[in-house]
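Trainee: got a predicted structure here, sequence first:
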Amino acid sequence: MIRFVGPVIGLGFAFVVLLAFVVGAYTVATEGWGEETAEHEFHLAPRHVEYEHDGVFGTWDYAQLQRGYQVYKEVCSACHSMKLVAFRNLAELGYSEAEVKAEAASWQVPGIDPGTGEANLRPGTPTDYLPRPYANNVAAAAANNNAVPPDLSLITKAREHGPAYVYSLVTGYRDPATYAVDGHALREEFPDFTTPTGLYFNPYFPNLNIAMAPPLTANGQVTYADGTISTIDQMAKDVSAFLTWTAEPTMVKRKQTGWPVLGFLLFATVLAWFAKKQVWAPVKPVKRKDGLDRDLEGGASVTAPQATVDTAHQHPTGEA
């Protein structure tokens, strides 16, 4: 019974798939790919941006990472958490132990009053993690037009073209009334398109309207400790580099470790090849005396020679 039902079920599935394909092809042929939308026509891919850590030989620009941390602290931390980064991790950016302690103490983190047992805020220590700006997601949504700001610890890993996406997004806010791509104006192509109250137009966001207000609004918004001029472009590049480090702090070390590993594998491969030649050197192939091996290697068709039959000796009467 199973041998009969199995093929029938398989044929049924095949028929359904074929029917769906035929219906889909007919729909595309008669109605096209569907109505074009503003999101499809005017959404932009992230812009290209170069960093010191790019490529197989890339290294961290620690001055840039420190500037990026400063941008996060003074701008992004008002809305976005970074729950996977502890203050002690900042030592990897080139800060000394004393600087890490001082930086941690400049933050207020949740704590417990040892005298009363009540929750309070206290200066941070190197073992603390960067504090959340909101107590919970409900409070975060209430303060951000019902949108919960994502945690930035792994944001460059969670988004395609991570660093370039962050850089393009924070610098990509435009006026929808004058926005155009390749000579095509948004208002002319889609006159019904609107940006709802509380949202902001950004062509680098998938649906063009984003709940996050422009975080970088003016040059000099952050005063860098190293004296670098803090243009909007510079701040965006620095913070996207910092977020790349938070998402994969061992990236450069992984690259540096990879080259010796590849060199060892190449050496081991060559060594194994020579070892194989050495081990099998005394072994010689057996040669057949009749030359059949040579004929086979040459591709010749080998057939058994037909015996010459003396019909005279096989005559039933024995006569010639």
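Mentor: That came through, no problem. Numbers count the residues shown, from 1 in each chain.
Trainee: tell me which helix or strand comes right after the helix or strand hosting residue 4.
Mentor: Per DSSP states H and E: residue 4 is located in helix 2-31. Next helix or strand after helix 2-31 toward the C-terminus (DSSP H and E): helix 38-42.
Trainee: what sits up against that next one?
Mentor: 179, 181, 184, 186, 189, 190, 193, 203, 206, 207, 208 (Cβ atoms under 8 Å, 6 or more residues apart in numbering). Using the backbone N, CA and C atoms, a C-beta is placed for each residue, glycine as well.
Trainee: just stretch 96-112 next, same as before
Mentor: Residues contacting stretch 96-112 (Cβ under 8 Å, 6+ apart): 87-88, 90-91, 95, 118-126, 128, 130-131.
Trainee: for PyMOL, what selects the buried ones among those?
Mentor: To isolate the buried members of these in PyMOL, using 16 or more other Cβ atoms under 10 Å:
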select buried, resi 87+88+90+95+124+125+126+128+130
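Trainee: averaged pLDDT, the helix holding residue 4. What do you get?
Mentor: When pLDDT is averaged over helix 2-31, the result is 80.
Trainee: cool, and stretch 223-237?
Mentor: pLDDT averaged over stretch 223-237 gives 96.
Trainee: in that stretch, what's buried?
Mentor: The neighbour-count check on stretch 223-237 (16+ other Cβ under 10 Å) flags 224, 230, 232, 234, 235, 236, 237 as buried.
Trainee: pull up the distance across it, start to finish.
Mentor: 15 Å (Cα to Cα, to the nearest Å).
Trainee: ok, how many other residues are close to the spatially closest residue to residue 144 that is not a sequence neighbour?
Mentor: Leaving aside its sequence neighbours, residue 144 sits nearest to residue 211 (Cβ to Cβ, 6 or more residues apart in numbering; 5.8 Å). Other residues within reach of residue 211 by the criterion other Cβ atoms under 10 Å amount to 16.
Trainee: helix, strand, or coil at residue 206?
Mentor: Assigned with DSSP: H, G, I helix; E, B strand; the rest coil, residue 206 falls in the coil class.
Trainee: show the average pLDDT along stretch 178-189.
Mentor: Stretch 178-189 comes out at a mean pLDDT of 92.
Trainee: contacts for that stretch next, please.
Mentor: So stretch 178-189 is contacted by 38, 41, 42, 44, 176, 177, 193, 201, 203 (Cβ under 8 Å, 6+ apart).
Trainee: out of the residues you listed, which comes closest to residue 164?
Mentor: Closest approach between these and residue 164, by Cβ to Cβ: residue 44, at 11.3 Å.
Trainee: roughly how far apart are the closest one and residue 191?
Mentor: Distance, residue 44 to residue 191, by Cβ to Cβ, to the nearest Å: 21 Å.
Trainee: quick one, which of the two is more surrounded?
Mentor: Shown here are residue 44 and residue 191; by other Cβ under 10 Å, residue 44 has more neighbours (14 against 9).
Trainee: if we can go back for a sec, and the pLDDT at the residue nearest to residue 144?
Mentor: pLDDT at residue 211 comes out at 94.
Trainee: next: the one 5 residues further on.
Mentor: Residue 216 is assigned 97 on the pLDDT scale.
Trainee: give the contact list for the closest residue to it other than its chain neighbours.
Mentor: Excluding its sequence neighbours, the residue lying closest to residue 216 (Cβ to Cβ, 6+ apart) is residue 232, at 4.7 Å. By Cβ under 8 Å, 6+ apart, the contact list for residue 232 reads 171, 216, 217, 218, 219, 221.
Trainee: next: residue 77.
Mentor: By Cβ under 8 Å, 6+ apart, the contact list for residue 77 reads 130, 133.
Trainee: ok, it to residue 85 distance?
Mentor: 11 Å.
Trainee: mind listing the shared neighbours of the two?
Mentor: Joint contacts of residue 77 and residue 85 (Cβ under 8 Å, 6+ apart) are residue 130.
Trainee: mind jotting down where the helices sit in the stretch 151-300 of the chain?
Mentor: For the stretch 151-300 of the chain, the helices defined by DSSP state H, counting those that start in this stretch occupy 155-158, 162-170, 186-189, 232-247, 251-280, 292-297.
Trainee: can you put the ones you listed in a markdown table and add distance to residue 63?
Mentor: Below are the helices of the stretch 151-300 of the chain laid out as a markdown table (distance: least, Cβ to Cβ, whole Å):
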| stretch | distance to residue 63 |
| --- | --- |
| helix 155-158 | 19 |
| helix 162-170 | 17 |
| helix 186-189 | 39 |
| helix 232-247 | 9 |
| helix 251-280 | 15 |
| helix 292-297 | 67 |
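Trainee: among those, show the one with the smallest mean pLDDT.
Mentor: Ranked by mean pLDDT, those end with helix 292-297 at the bottom, a mean of 57.
Trainee: all strands of the stretch 101-250 of the chain, in order?
Mentor: Under the criterion DSSP state E, counting those that start in this stretch, the stretch 101-250 of the chain carries strands at the ranges 108-112, 119-123, 180-181, 184-185, 200-201, 209-210.
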